[in-house]
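Novice: What follows is a predicted protein model with its sequence.
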Amino acid sequence: MTDYFALLNEPRRPWLDAEALKQKFHAVSGPLHPDRHHASPPADQEAANARFAELNSAYNCLREPKERLRHLLTLETGARPKDLHEMPADLSEMFMRVGALNRQVESFLSERAKANSPLLRVGFFERAQEWSDKLAALQREISARSSTVLEQVRELDGRWLRGGPRAQLLPQLESCWRLLSFFSRWNGQVQDLIVQLNF
């Protein structure tokens, strides 16, 4: 497995500064950009394109905290963390609310799709805005919970850099990864419904 941290000359750690990572990516990948090699021999173009694609994959992985943690855990343990099918107890209530709101909005969208009268569509517009507001409030709550987990990752990163025992830190980082995975999935579902409501 390619070590994306090494590929971008970054230390293997839980937290990376997003702006510094972006600048490093541009500095390393800029000379390999396909636009700079259009006049090169085909073999050189192919090599530059392959290297650029690899660097791009590394950047896209490391810039996202959830993906970065998964990659770090895989490198450190030698195995990709398994997807968890059981909901952590402290997320059950939020899971139920996300699911219920999703079902209600999907039902509304189905009902709205059947309306073919302009007069009926006007009534649906106001209801769509109400659902959008509820989804936006839920999205803010998900974002706040995610921010709390990211703060925990930063704290664990400090312990990681101070040489904290990996045997203790890795399970905590895996827990953070799992929470971020749930929040990311829910945020995506909510965002998709908001987009559908605005059409």
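Specialist: Cool, the structure landed.
Novice: and after the worst-scoring helix or strand of the chain on mean pLDDT, which helix or strand comes next?
Specialist: Ranked by mean pLDDT, DSSP states H and E, the helix or strand of the chain with the weakest confidence is helix 42-63, at a mean of 88. Going down the chain from helix 42-63, the next helix or strand is helix 65-77, by DSSP states H and E.
Novice: that older thread, which secondary structure elements does the least confident helix or strand of the chain contact?
Specialist: Here helix 42-63 touches helix 4-7, helix 18-29, helix 65-77, going by 3 or more Cβ pairs under 8 Å, 6 or more residues apart in numbering; DSSP states H and E. The way it works is simple: take the backbone N, C-alpha and C, and place the C-beta from them, glycine included.
Novice: Reformat those helices as a markdown table; add mean neighbour count, mean pLDDT and distance to Trp186.
Specialist: Converted to a markdown table, the helices and strands packed on helix 42-63 look like this (neighbours: other Cβ atoms under 10 Å; pLDDT from 0 to 100; distance: least, Cβ to Cβ, whole Å):
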| stretch | mean neighbour count | mean pLDDT | distance to Trp186 |
| --- | --- | --- | --- |
| helix 4-7 | 18 | 96 | 26 |
| helix 18-29 | 14 | 93 | 22 |
| helix 65-77 | 19 | 96 | 12 |
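Novice: quick one, domains of this structure?
Specialist: Domain ranges of the chain: 4-63, 89-197, per automatic domain parsing.
Novice: hey, least reliable of these by pLDDT?
Specialist: If the domains of the chain are sorted by mean pLDDT, domain 4-63 sits at the bottom with a mean of 88.
Novice: Please measure how far the first residue of that domain sits from its last one.
Specialist: 11 Å (Cα to Cα, to the nearest Å).
Novice: Now find how far off-centre it is within its chain.
Specialist: Computed by Cα atoms, centre = their mean, to the nearest Å, the separation of domain 4-63 from the middle of its chain amounts to 20 Å.
Novice: okay, the angle between the lengthiest helix in the chain and helix 65-77?
Specialist: Using DSSP state H, we find that the single longest helix of the chain is helix 118-161. Relative orientation of helix 118-161 versus helix 65-77 (axes from the mean of the first three to the mean of the last three Cα atoms, to 10 degrees): 40 degrees.
Novice: ok now helix 118-161, how far from the chain's centre?
Specialist: Distance of helix 118-161 from the chain centroid (Cα atoms, centre = their mean) equals 14 Å.
Novice: other SSEs contacting that helix?
Specialist: helix 65-77, helix 92-114, helix 166-197.
Novice: Which of those helices has the highest mean neighbour count?
Specialist: helix 65-77 (a mean of 19; mean count of other Cβ atoms under 10 Å).
Novice: Check what contacts it and list those residues.
Specialist: 1, 3-5, 12-16, 60-62, 80-81, 150, 153, 166, 170, 173-174, 176-177, 180-181, 184 (Cβ atoms under 8 Å, 6 or more residues apart in numbering).
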